[in-house]
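K.L.:
I need the structure of the sequence given here:
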Amino acid sequence: MPSFYDRLSPFYERLTHYFEGPAREMGLELLAPAAGERLLEIGPGSGGMLPRLAEGVGPAGAVHALDLSAGMLAACQKHRQASPLGARIHLCQGNACQLPYPAANFDGLYLSFTLELFTASTMPRLLAECRRVLRPGGRLVAVTLYRPDPPPLTVRLYTALHRRWPKQLDCRPIQTATLLTVAGFLPVQEQTTSVGGLPVAIVLARRD
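P.N.:
Have a look, this model is predicted:
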């Protein structure tokens with residue numbers, strides 16, 4: 001999977017900004033970065049949101065971004081270098097299921113079209129790691145393709161295509177709030193929108 005995103009990284013922002021940009025903005029508003037906070041974005045893509053997060057945390061805060069793909073991190077580095085707030089942004093290549101950060105290290109986590117990339121077997125480990133690195137009372141915002149119950153025709157068709165071409169259509173619709181609840185988070189607020197006719201959930205949850 002990293003090699004797929006390495007190849008995609010030069011074009012990723014142009015491919016996704018128009019469709020995913022509004023949902024990402026909704027997620028950022030729900031996260032509401034505050035001055036002095038330490039934030040982590042897991043799976044930042046090409047890094048387009050990192051300067052926005054850095055603006056929110058102010059000069060006393062810090063924004064960390066972790067991705068498995070070296071190509072995506074190289075794209076993030078371009079955003080970091082182009083931003084006057086780049087000193088607040090820290091990039092790390094690593095596995096989200098083994099986060100290289102101490103416990104209770106972050107005030108907030110942001111995952112945008114990332115959570116649904118993980119399989120049913122690896123997602124519990126990812127969310128356990130998210131919970132570990134969040135401070136008590138810390139918040140997590142997840143922007144994901146969403147699977148309502150019952151799923152509409154668009155979701156059923158997309159899911160069938162995902163099963164046929166899992167690498168090309170790597171995101172799969174999930175029941176976001178339910179998964180976060182099972183992982184021990186407390187969902188606080190949920191908004192919905194759509195991307196290309198597919199439902200998208202933007203969920204704010206807290207660690208107890």
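K.L.:
how close does the residue positioned nearest the centre of the chain get to Ala177?
P.N.:
For the chain, Leu111 is the residue whose C-alpha lies nearest the centre (Cα atoms, centre = their mean; 1.6 Å). Shown here: Leu111 relative to Ala177, a distance of 14 Å by Cβ to Cβ, to the nearest Å. No exception for glycine: its C-beta is placed from N, CA and C like everyone else's.
K.L.:
re earlier: looks like the residue nearest to the centre of the chain contacts Ala142 (just checking).
P.N.:
Yes. Assessed by Cβ atoms under 8 Å, Leu111 is found in contact with Ala142 at 4.8 Å.
K.L.:
quick one: the strands in the protein, in order.
P.N.:
38-42, 62-67, 89-93, 106-112, 134-145, 185-195, 198-207 (DSSP state E).
K.L.:
all helices for the chain, in order.
P.N.:
2-8, 12-31, 50-57, 70-82, 123-133, 153-164, 176-182 (DSSP state H).
K.L.:
can you tell me which of the ones you listed is packed in deepest?
P.N.:
Among the helices of the chain, ranked by average contacts under mean count of other Cβ atoms under 10 Å, first place goes to helix 50-57 (a mean of 21).
K.L.:
quick one: contacts of it?
P.N.:
The contact list for helix 50-57, computed with Cβ atoms under 8 Å, 6 or more residues apart in numbering, reads 28, 32-39, 41, 44, 61, 63, 65, 76, 79-80, 83, 85-86, 88-89, 110.
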